[in-house]
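K.L.:
quick one, fold the following:
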Amino acid sequence: MQDKTFGFQLSSKEVSPVHMSGSLVHLTTSLVHLEGSSDRLIENPAILSELQEIARPAHWQGPGARDSDNPSSGRNRAGKLTGGKTMPDDLTYEYGSLLTEIKERVRSAQYAALRAINHELVQLYYDIGHLIAERQDDQSWGRSIVKQLSEDLQREFPGVAGFSVQNLWYMRQFYLAYSGDPKLQPLVGEIGWTQHLVIMGRCQDTLQREFYIRMSKKFGWSRNVLIHQIENQTYEKTLLNQTNFDRTISPDIRDQAKLAVKDEYTFDFLELGNEHSERELERALLTRIEDFLLAMGGLFACMGSQFRLEIDGREFFIGILLYHRRLKCLVALDLKIGDFEPEYVGKMQFYLSALDTQIKEEEENPSIGIILCKNKSRTIVEYALRDATRPIGVAIYRIVTKLPKELEGQLPGPEEIIRLLEEI
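P.N.:
Numbers count the residues shown, from 1 in each chain. Here you go, the predicted model:
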């Protein structure tokens, strides 16, 4: 489908037929208003409104409306059809199932349309950057030409903020940063324009850029969440983790497991003083469960706290039990408010052995343990994990954080980083 506003292709395979209307042209135009827009396209009220108008029936009354309030629905809450006839009981359930399925299909189509248009928009900016860079190289054009180009484009498309002078220079920078890198170039359309601007401005290393692009796509990070992750040095902390996974986890999931455990976790959403107990820390994390799981990495589900195990008539309790959806394994989290001690490893091995014997399902992978402390000596951790036979990682937590200077030179080599990035 050709959009005459900008002259680029929207694939009919990517955009649902429910959106094939004149409104799509207006919607595409509105997507170029990215300077100062919401963090994610899905959060832009104007875009959501446009999509909803395309897909909803003419008499739709809003998300809180009842079926009986909608003359086009054909039935009311009592299962009666318009005209006073009653829907048979055996059809009432089937109708509800049908309605639910169609609603989900509409929502899925809306989201697919947003993703397809976002992909084309970012590709458009990449292509414009290419044209500008090419002309500057071939014809030695200066800054004044870009200024003139901005004025002409805004005159042609009035009110479209995407063609400001600054944004045109960003497009040129975008093309130059990605075009010469075989790893980055295929990722151009994977995230939104505002996320690309953040990554270009704050990450100079190619592997670091690739990491944040892949993580933004995988977890749907908004611009603000992405900035938060970069400021918290998630890239460095993921690569610096201390585990014994090379010896204790099968090769097919080993790299994924390494990515699941950080060296340091930032819980800056907690309102805790410097002095707190392990139970206070646990309760505070569970009170903010959504923020907690996001800080842990986004692929965890919480199975419970003070998870009870009974062995030979005695009770034992795991602080917090998580489940990693991609690794398909239980993750025992042991919270410690002081320094790491070597005996914590023995206790964690005991927990993991019990989980694998009593709780783990047959098709799941062996359980993993994370010992989360206030502080640790990397040397002591290394010695403690050397002979451990169960998969364990040792990390620290911070309420606010900055990577210590002495760790900045200890990142893995480029080959290992590249291999890990391929698993994201």
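K.L.:
what is the neighbour count of residue 197?
P.N.:
Residues within reach of residue 197, counting by other C-beta atoms under 10 Å, total 17. Where C-beta positions appear, they are placed from N, C-alpha and C, glycine not excepted.
K.L.:
revised request: answer the last question for residue 260.
P.N.:
Taking other C-beta under 10 Å as the neighbour definition, residue 260 ends up with a count of 26.
K.L.:
check which helix or strand the closest residue to residue 243 other than its chain neighbours maps to.
P.N.:
Using C-beta to C-beta, 6 or more residues apart in numbering and skipping the chain neighbours, the partner closest in space to residue 243 is residue 393 (4.0 Å). Applying DSSP states H and E as the criterion places residue 393 in strand 392-398.
K.L.:
contact partners of that strand?
P.N.:
The contact list for strand 392-398, computed with C-beta atoms under 8 Å, 6 or more residues apart in numbering, reads 241-245, 248, 261-268, 340, 344-345, 348-349, 352, 368-376, 381, 384-385.
K.L.:
lowest average confidence, helix or strand, in the chain?
P.N.:
strand 8-9 (a mean of 34; mean pLDDT, DSSP states H and E).
K.L.:
so residue 159 sits in a helix?
P.N.:
No. According to DSSP: H, G, I helix; E, B strand; the rest coil, the state of residue 159 is coil, so it is not within a helix.
K.L.:
in a helix, residue 316, correct?
P.N.:
No. Counting by three-state DSSP, residue 316 is not found in a helix; it is strand.
K.L.:
so which of the contacts of strand 392-398 belong to strands?
P.N.:
Of these, the ones assigned to strands by DSSP state E are 242, 243, 264, 265, 266, 368, 369, 370, 371, 372, 373.
K.L.:
pretty sure the first one sits against residue 380.
P.N.:
No. Using C-beta atoms under 8 Å, residue 242 is not in contact with residue 380, being 10.2 Å away.
K.L.:
what about the helix ranked longest in the chain, distance to the chain center?
P.N.:
Secondary structure of the chain per DSSP state H: the longest helix is helix 89-139. When C-alpha coordinates are averaged (C-alpha atoms, centre = their mean, to the nearest Å), helix 89-139 and its chain have centres 17 Å apart.
K.L.:
so residue 321 makes contact with residue 304?
P.N.:
Yes. Judged on C-beta under 8 Å, residue 321 makes contact with residue 304 at a distance of 5.4 Å.
K.L.:
who's more crowded, these two?
P.N.:
Neighbours were counted for residue 321 and for residue 304 using other C-beta under 10 Å; residue 321 has more, 23 against 11.
K.L.:
need the contact partners of whatever helix or strand that one lives in.
P.N.:
Element membership of residue 321, judged by DSSP H and E, is strand 314-324. Strand 314-324 is contacted from outside by 260, 278, 282, 285-286, 293, 296, 299-310, 329-335, 350-351, 354-355, 368, using C-beta under 8 Å, 6+ apart.
K.L.:
kindly report the same for stretch 378-387.
P.N.:
Contacts of stretch 378-387 (C-beta under 8 Å, 6+ apart): 242, 243, 244, 340, 342, 344, 345, 392, 394.
K.L.:
just the buried residues of it, please?
P.N.:
Neighbour-count burial for stretch 378-387, counted by 16 or more other C-beta atoms under 10 Å, picks out 381, 384, 385.
K.L.:
check stretch 337-352 too.
P.N.:
337, 340, 344, 345, 348, 349, 351, 352.
K.L.:
repeat for stretch 320-327
P.N.:
320, 321, 322, 323, 324, 326, 327.
K.L.:
what's the domain layout of the protein?
P.N.:
Per automatic domain parsing, the domain ranges recorded for the chain read 2-128, 194-231, 236-421.
K.L.:
and the second one, what's buried?
P.N.:
Okay, so that is domain 194-231. 194-200, 203, 206-217, 219, 221-223, 225-230.
K.L.:
contacting residues around the spatially most central residue of the chain?
P.N.:
Centroid-nearest residue in the chain: residue 219, 1.3 Å away (criterion: C-alpha atoms, centre = their mean). By C-beta under 8 Å, 6+ apart, residue 219 lies in contact with 294, 298.
K.L.:
again, but for residue 135
P.N.:
Applying C-beta under 8 Å, 6+ apart, the residues near residue 135 are 141, 145.
K.L.:
so for it, what's the pLDDT?
P.N.:
Per-residue pLDDT puts residue 135 at 85.
K.L.:
likewise residue 315?
P.N.:
On pLDDT, residue 315 comes in at 96.
K.L.:
same check on residue 47?
P.N.:
pLDDT, residue 47: 43.
K.L.:
span of stretch 227-246 from start to end?
P.N.:
End-to-end distance for stretch 227-246, by C-alpha to C-alpha, to the nearest Å: 31 Å.
K.L.:
pLDDT averaged over it - what is it?
P.N.:
Over the span of stretch 227-246, the pLDDT mean works out to 88.
K.L.:
buried set for that stretch?
P.N.:
227-230, 232-245.
K.L.:
buried ones in the strand holding residue 393, by neighbour count?
P.N.:
Neighbour-count burial for strand 392-398 [16+ other C-beta under 10 Å]: 392, 393, 394, 395, 396, 397.
K.L.:
direction included, what does it pair against?
P.N.:
strand 242-243 (antiparallel), strand 264-266 (parallel), strand 368-373 (parallel) (DSSP bridges).
K.L.:
for that strand, what is the distance to the chain centroid?
P.N.:
Remark: strand 392-398 is offset 22 Å from the chain centroid, using C-alpha atoms, centre = their mean.
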